[in-house]
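[1] structure for this input, please:
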Amino acid sequence: MNKQQEGIVLEVIGKMAKVKASRHSDCENCGSCPGNTAIVVEALNLVDAKPGQRVAIEIREVNMLKAAFIVYMAPLLAAFAGALAGNYAASYIGMDSLLTSIAGGVGFFTLSVWYVKHFDHMARTDERMRPVVVAILSKNM
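    I've put the predicted structure just below:
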């Protein structure tokens, strides 16, 4: 399933369009973007929209769920797995299990933060993850 949102094209650069769109309920709940009512989204401009036109953009919901899981859940799960691994390793290296659990949790958490940054870079360069302008709704404002 895909989410559609309406917006106004602010600028076109090559095959990309910067679209000012109002926030939908998912964006309002997240709150990570600045501003209260609108965000600017870079979308693939497959319909050759021009600045000033009102357009419909589409974002694949699968991509939103995948990104939300990686950004929010992966670090938590990694810290938990690291703490368990540190606790398990304590008996082999002869250290206090509390210290090795903390070290493992911090280490795995740090690796997951690196992965989130890597995923963000991949998502920015992967055209399948980008929003797409799917229709021109009006010629100009």
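
[2] all contacts plus neighbour counts: C-alpha atoms, from now on.
    OK.

[3] mean confidence for the longest helix seen in the chain?
    For the chain, the longest helix by residue count, based on DSSP state H, is helix 97-125. For helix 97-125, mean pLDDT rounds to 92.

[4] what is the neighbour count of L10?
    Close neighbours of L10, defined as other CA atoms under 10 Å, add up to 16.

[5] buried ones in the strand or helix carrying it, by neighbour count?
    In this structure, L10 is located in strand 2-13 according to DSSP states H and E. By neighbour count on 16 or more other CA atoms under 10 Å, the buried set for strand 2-13 is 4-12.

[6] the next helix or strand after it packs against which elements?
    Following strand 2-13 in sequence order, the next helix or strand is strand 16-22 (DSSP H and E). Contacts defined by 3 or more CA pairs under 8 Å, 6 or more residues apart in numbering; DSSP states H and E place strand 16-22 against strand 2-13, strand 38-45.

[7] so for M122, which of the ones you listed sits nearest?
    Of all the helices and strands packed on strand 16-22, it is strand 38-45 that lies closest to M122, at 15.1 Å by CA to CA.
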